[in-house]
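# I would like the atomic coordinates for the input below:
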Amino acid sequence: MSQTGPGPREVEHEITVSAPAATVYQLIADVENWPRIFPPTIHVDHVEQGEAHERIRIWATANGEPKNWTSRRTLDPDALRITFRQEISTPPVATMGGTWIIEPVTADESRIRLLHDYTAIDDNPADLAWIDEAVDRNSRSELAALKTNVEAAHQADELTFSFEDTVHINGSAKDVYDFINEAGLWNERLPHVATVRLEEDTPGLQTLEMDTRAKDGSTHTTKSYRVTFPHHKIAYKQVTLPALMTLHTGHWTFNENQHEIGGRTVVAATSQHTVVINTENIARVLGPDATVGDAKEYVHTALSTNSRATLGHAKNYAEQRA
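Below you'll find the predicted structure:
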């Protein structure tokens, strides 16, 4: 349901999924799941967290453009409802809010209704049309992804894995962070990066495209959105993926401690990855006899090799500056 013309908008999207209502509610309630289940979502952080009320900061794409905003949410697990309201919206949005409503159809089937109400700055017709398109596209995308992820939950468990690599560096967290943050220089600083394109139109929200060299000399192109938190964390979501992955999210963290002996500063620099394997491409990439386990090992090795190489160069950079 939607409407046209000027003034406040109220729209509703819905989808039916083969999963219990309580399971669906929990997936939406736990915002840490969002980059994995909602294609537009890059990263979500809690600003405040209470039993029934919380404030969250969301970084997501709208019509292909990265945006961020802070929302208040009220959680009602008994009624299976979550209401949300943006505190400070990103132009051209003036106000934005809505409700998730989960309705049991049967014991193993539920209907998800996603309601939005919104206005555009100065009621601008062109801006309202842009918001209409963004809300419609993101709502359809979110609901379709939610259906896919809920219904494939058991399979996804087998196909999803996370890991991290940590390097200890005798230097400052700021210098290590700077090396990872300044990804526009990686083609000069990292041997496995052939070309790189970094855009940061909004401070702290980056678009990173890279051509990376593999061991066999081939190159592959990846695109990621990155959210930066100076000087302790950079979170990212890859949106152009290699053939063996349907999802790749992760973060770099930089934790500074005083060393017990000598009192010098030591940074634990960590690269974390969460991946979902694309089973459709395993045979084509790894051969007809390859298994999911083989694909996990291959992807783990490839990502870990690049992460450790990047951390090694960051270590050299920071220790030379120290």
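# for stretch 117-129, what is the distance to the chain centroid?
27 Å (CA atoms, centre = their mean, to the nearest Å).
# in the stretch 51-200 of the chain, which spans are strands?
For the stretch 51-200 of the chain, the strands defined by DSSP state E, counting those that start in this stretch cover 53-62, 65-76, 81-88, 93-106, 109-120, 160-169, 193-202.
# want to try JSON lines for these, with mean pLDDT and distance to A134 as columns?
In this view, the C-beta of every residue, glycine as well, is placed from N, C-alpha and C. Putting the strands of the stretch 51-200 of the chain into JSON lines (pLDDT from 0 to 100; distance: least, CB to CB, whole Å) gives the following:
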{"stretch": "strand 53-62", "mean pLDDT": "92", "distance to A134": "4"}
{"stretch": "strand 65-76", "mean pLDDT": "91", "distance to A134": "9"}
{"stretch": "strand 81-88", "mean pLDDT": "93", "distance to A134": "13"}
{"stretch": "strand 93-106", "mean pLDDT": "95", "distance to A134": "9"}
{"stretch": "strand 109-120", "mean pLDDT": "95", "distance to A134": "10"}
{"stretch": "strand 160-169", "mean pLDDT": "96", "distance to A134": "28"}
{"stretch": "strand 193-202", "mean pLDDT": "93", "distance to A134": "16"}
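# T16 contacts D108, doesn't it?
No. Counting by CB atoms under 8 Å, D108 is not a contact partner of T16; they are 11.4 Å apart.
# now do the contacts for H248.
K237, Q238, L241, H273, T274, V275, V276, L303 (CB atoms under 8 Å, 6 or more residues apart in numbering).
# please identify the helix or strand for it.
Using DSSP states H and E, H248 falls within strand 245-258.
# the inter-axis angle of that strand versus strand 160-169?
Per axes from the mean of the first three to the mean of the last three CA atoms, to 10 degrees, the angle that strand 245-258 makes with strand 160-169 is 30 degrees.
# alpha carbons of strand 245-258, in PDB - could you do that?
Extracted C-alpha coordinates of strand 245-258, given in PDB (Å, rounded to 0.1, in the frame of the first residue of the first chain):
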ATOM      1  CA  MET A 245      30.800 -16.000  -0.900                       C
ATOM      2  CA  THR A 246      27.200 -14.800  -0.600                       C
ATOM      3  CA  LEU A 247      28.100 -12.600   2.400                       C
ATOM      4  CA  HIS A 248      31.300 -11.100   3.800                       C
ATOM      5  CA  THR A 249      31.200  -8.600   6.700                       C
ATOM      6  CA  GLY A 250      34.000  -7.800   9.200                       C
ATOM      7  CA  HIS A 251      35.900  -5.300  11.200                       C
ATOM      8  CA  TRP A 252      39.400  -4.100  12.100                       C
ATOM      9  CA  THR A 253      39.900  -3.200  15.800                       C
ATOM     10  CA  PHE A 254      42.900  -1.500  17.500                       C
ATOM     11  CA  ASN A 255      43.300  -2.100  21.200                       C
ATOM     12  CA  GLU A 256      46.100  -0.200  23.000                       C
ATOM     13  CA  ASN A 257      47.700  -1.400  26.200                       C
ATOM     14  CA  GLN A 258      50.800  -0.600  28.200                       C
END
